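Novice: Any chance you can model this:
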Amino acid sequence: MDTVNISEFGAATCLNAEKTLFEMEFNHPEHGWFHSVIDLDNETQDVNGLAFTVNNGDVLSASARSDRDKLLQKTDWWATSDRTMTAEQTAYRQALRDITTHANWPNLADSDWPTKAE
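Specialist: Okay, here's the model as predicted:
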């Protein structure tokens, strides 16, 4: 069985504190999109008989981006056309967009995330 490397990921959710188990979407180059659990403790993954590898940093990045996107979605209503965001709200949303440039990316601690504006 040939092993391919997966490098395209969709939504991802970390399932444990150790950041080794992720429920996520990924695109197998020969078989399309799958939704499954990825275990970073395993060098080779297997889903439906398809063996593949992943770069741990790519998985962590996909998970952190999903977390960021969820936080942005929770504040989308701040940016509706019939209201004006406060400076703090604007700064919070920009900090979320810029989180991928954080020095600890993608291994972010809770304290690395911006504090939500009120």
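Novice: Where does the prediction get shaky in this structure?
Specialist: Within the chain, the segments meeting pLDDT under 70 span 1-2.
Novice: residue boundaries of the strands in it?
Specialist: 4-6, 9-14, 21-28, 32-39, 45-47, 50-54 (DSSP state E).
Novice: Strand partners (parallel or antiparallel) of the second one?
Specialist: The strands beside strand 9-14 in its sheet (DSSP bridges) come out as strand 21-28 (antiparallel).
Novice: quick revisit: mind checking which of the strands of the chain is nearest residue 74?
Specialist: strand 9-14 (15.5 Å; Cβ to Cβ). C-beta: built from backbone N, CA, C; applies to glycine.
Novice: just how off-centre is the biggest helix by length in the chain within its chain?
Specialist: When the chain is parsed with DSSP state H, its longest helix is helix 56-74. Mean C-alpha position of helix 56-74 versus that of the full chain (Cα atoms, centre = their mean, to the nearest Å) differs by 2 Å.
Novice: and if you look at stretch 57-77?
Specialist: Centre-to-centre, stretch 57-77 and its host chain are 5 Å apart (Cα atoms, centre = their mean).
Novice: Columns distance to residue 103 and mean neighbour count on top of the strands of the chain, output as CSV?
Specialist: Formatted as CSV, those follow (distance: least, Cβ to Cβ, whole Å; neighbours: other Cβ atoms under 10 Å):
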stretch, distance to residue 103, mean neighbour count
strand 4-6, 26, 15
strand 9-14, 20, 17
strand 21-28, 23, 18
strand 32-39, 25, 14
strand 45-47, 29, 16
strand 50-54, 23, 17
